[in-house]
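S.K.: okay, sequence plus prediction incoming.
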Amino acid sequence: MLSLNDVTVSFGNWTLLDKISFNISETDKIGLTGKNGAGKTTIMKLICGLQSPTSGRIDLPAHYTVGYLPQIMEHHRGRTVLDETMTAFDALLDARRELDGISRELEQRTDYESDAYSALISRYNELDDYLRLSQSEPAEAQARRTLKGLGFKDDELGRLTDTFSQGWNMRIELAKILLRKPDILLLDEPTNHLDIESIEWLEDYLKGLKGGIMLVSHDRKFLDNVTNRTVEVMLGHVYDYKVPYSRYVELRAERLAQQTAAYQNQQKMIEKTEDFINRFRYKPTKSNQVQSRIKALEKLERLEIDETDNATLRVKFPPAPRSGDVAFKAVNLTAGYPQKVVFKNADIEIRRGEKVALIGRNGEGKTTFMRILTGELDPIDGEAKAGHNVTIGYYAQNQEDVLDKKETVFSTLDRVATGDIRSRLRDLLAQFLFRGEDIDKPVSVLSGGERARLAMATLMLKSYNLLALDEPTNHMDIKSKDILKQALKAYDGTLVVVSHDRDFLDGLVDKFYEFEDGRVREHLETIAQFLQKRKLESIAEMDRGAAKPAAAAAPAQPAVKQERQMSYEEMRQKSKEEKRIKNRIAALEKDIEKLEAQMKDLEHKMTLTTEKDEILELTRSYLECKRELDFKEEEWGKLID
């Protein structure tokens, strides 16, 4: 068990974490929550040794391994995706090479009674146990399955990591950490660069993972689906709840309400007692009662209400000027860049007042479409046109490039503001939690969440009737996301939003366009309905690396019958295959049991004999059994996976 004991982190006179204590066991899946800047990332850095506390201690068992995925990291270059991912198995590969070397040496040596020979046998068994516990299937098969789960396609595994974006390289680092199977896994906003289907895959993976997990995420559904415990960081303290996020929110509200009620009742009692003391202090007939109540007050344990940070965003978009009925229309649109066509033949129509989401795997063209929508990029072919009187406010995903790092928070807005709004810039910044000295901070020192808020504030400088928001909730804490969602629901203009946050999109958008394999499809169902249908249709195909079935028009009735018959036939074949696999597993388990018994018998015989020829023959038999056992266990592992 890992434990933090009275840990304090201070910077000069400012204390970020004040004597915090909590434990992480191997069954804990913890959601670490709190506002941007509360100290969540600092806690993770303390646990993995990248930062030292000002005081207190962190106790970590010597044999524990920690895997840490930071928000920002350096990526390795010069290898293919698969080769880079396979470095996660370096320790296992080294052990395999050493085991093979010992096996060859044992076949050649004849000093069976020597200490050196015994040491080799001992090391062989030690390495063999380590490998058997660490791997149930070949390393490359594990790497390929994990990469595909995180969104990579088969033909991308041979590409150099240099040719992928920072977000895709983050997925490679995540795959490496998952494949190492550390005792404690620390993930700092792992969903920021994942598409919806990859997030769902990661959810399923983490739910079945053995070992402790602590993660920071602003995806409410991800936290609810993965975690069984929530640790809140607020104003330097931690509050521990043994429940997932949504239940934590309810319990926290109940706890604060109970604290407040108890505090108010105690204050009333204290007030009445003090009033009695003051009224009868000098009356001899009441002196005993007065003294008794004075002593009672002195012994009273005064209740306090936990400090809370109630500072929140106050987002209200300016009223949208009226535009034409069609805000944007694309016909037979082909888009991309000189070196690559991203999607083709897309028909997209967005009407005034609609709230539309763009979803899909990273790199499929969502941001490319946004650039066409805003006029930054021309189509390769087809037509793309904004409607009458449409004015577009654009929130770009890459705030690093859009915001000028040389500017301050205030000058960022002051440079582009015009008209009466210039006199209200400080009030506007205060709505986005930039108060006092914060407005003079350089953009270069702002956190990801602060940059997101600043970029959102620039959209308030003018009335737009179409908001194009590309990943607006990345780095925003859950409370800020909820406030932004409500503001967008109340916004009377047109909204086009790119997001992988299912909770954020749920109840916000009227429809969505799916970007996949160079095509764009319109969906009128909810995100939840789409994901459920997609999971049922395609999870088996994804596991086998097959393409998902394309959405098609409703077939005629005879085709439906044929489809049902095919489904029955597939089910029958599947049942036969499952029975065959079950029988094969049972046969393998019997063979494995026999081989293990033979090896145990051979080990016993080797301890009883001193004849060199006999020992040599027994050793060869033992190694042959071992090879056969490895082969059968590998096949068994693949079948039960």
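M.R.: Sure thing, it's come through. Being a predicted model, the structure only gives us computed values, none of them experimental. Numbering: from 1, shown residues only.

S.K.: start from the N-terminal end of the stretch 151-300 of the chain and give the strands.
M.R.: 184-188, 212-216, 229-234, 237-241 (DSSP state E, counting those that start in this stretch).

S.K.: what's the closest of the ones you listed to residue 453?
M.R.: strand 212-216 (17.7 Å; C-beta to C-beta). Every C-beta, even on glycine, is put in place using the N, C-alpha and C of the backbone.

S.K.: sheet-wise, list the partners of that closest one with their directions.
M.R.: strand 29-33 (parallel), strand 184-188 (parallel) (DSSP bridges).

S.K.: walk me through the domains of the protein.
M.R.: 80-179, 326-544, 557-640 (automatic domain parsing).

S.K.: so can I have TSV of those domains showing distance to residue 318?
M.R.: Compiled in TSV, the domains of the chain are given as follows (distance: least, C-beta to C-beta, whole Å):
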stretch	distance to residue 318
domain 80-179	32
domain 326-544	4
domain 557-640	50
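
S.K.: so what's residue 186 bridging to?
M.R.: Applying DSSP bridges, one finds that residue 186 bridges with residue 68, residue 214.

S.K.: can you tell me how far it is from residue 269?
M.R.: Distance, residue 186 to residue 269, by C-beta to C-beta, to the nearest Å: 46 Å.

S.K.: more neighbours, those two?
M.R.: More crowded of residue 186 and residue 269, by other C-beta atoms under 10 Å: residue 186, with 26 against 13.

S.K.: now tabulate the domains of the chain in JSON lines and tack on mean pLDDT.
M.R.: Converted to JSON lines, the domains of the chain look like this (pLDDT from 0 to 100):
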{"stretch": "domain 80-179", "mean pLDDT": "84"}
{"stretch": "domain 326-544", "mean pLDDT": "85"}
{"stretch": "domain 557-640", "mean pLDDT": "69"}
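
S.K.: could the ones you listed be laid out in a markdown table, adding mean neighbour count and distance to residue 26?
M.R.: Formatted as a markdown table, the domains of the chain follow (neighbours: other C-beta atoms under 10 Å; distance: least, C-beta to C-beta, whole Å):
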| stretch | mean neighbour count | distance to residue 26 |
| --- | --- | --- |
| domain 80-179 | 16 | 15 |
| domain 326-544 | 18 | 27 |
| domain 557-640 | 13 | 22 |
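
S.K.: nearest to residue 297, of these?
M.R.: Closest of these to residue 297 is domain 326-544, at 38.8 Å (criterion: C-beta to C-beta).

S.K.: and the domains of the chain: which comes nearest residue 204?
M.R.: domain 80-179 (8.5 Å).

S.K.: run the chain-centre distance for that closest one.
M.R.: Here the centre of domain 80-179 is set off from its chain's centre by 25 Å, with C-alpha atoms, centre = their mean, to the nearest Å.

S.K.: swap in stretch 325-340?
M.R.: 32 Å.

S.K.: restricting to C-alpha, output that stretch in PDB.
M.R.: Presented in PDB, the C-alpha positions along stretch 325-340 are these (Å, rounded to 0.1, in the frame of the first residue of the first chain):
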ATOM      1  CA  ASP A 325     -32.100  30.100 -42.500                       C
ATOM      2  CA  VAL A 326     -29.100  28.100 -43.700                       C
ATOM      3  CA  ALA A 327     -26.000  29.000 -41.600                       C
ATOM      4  CA  PHE A 328     -23.600  26.800 -43.600                       C
ATOM      5  CA  LYS A 329     -23.900  24.400 -46.500                       C
ATOM      6  CA  ALA A 330     -21.400  22.100 -48.200                       C
ATOM      7  CA  VAL A 331     -22.200  20.000 -51.300                       C
ATOM      8  CA  ASN A 332     -20.000  17.200 -52.600                       C
ATOM      9  CA  LEU A 333     -17.200  18.700 -50.500                       C
ATOM     10  CA  THR A 334     -13.700  17.300 -50.800                       C
ATOM     11  CA  ALA A 335     -11.100  18.600 -48.300                       C
ATOM     12  CA  GLY A 336      -7.600  18.200 -47.300                       C
ATOM     13  CA  TYR A 337      -4.000  19.300 -48.100                       C
ATOM     14  CA  PRO A 338      -1.700  19.000 -51.100                       C
ATOM     15  CA  GLN A 339      -0.100  15.800 -49.600                       C
ATOM     16  CA  LYS A 340      -3.400  14.200 -48.400                       C
END
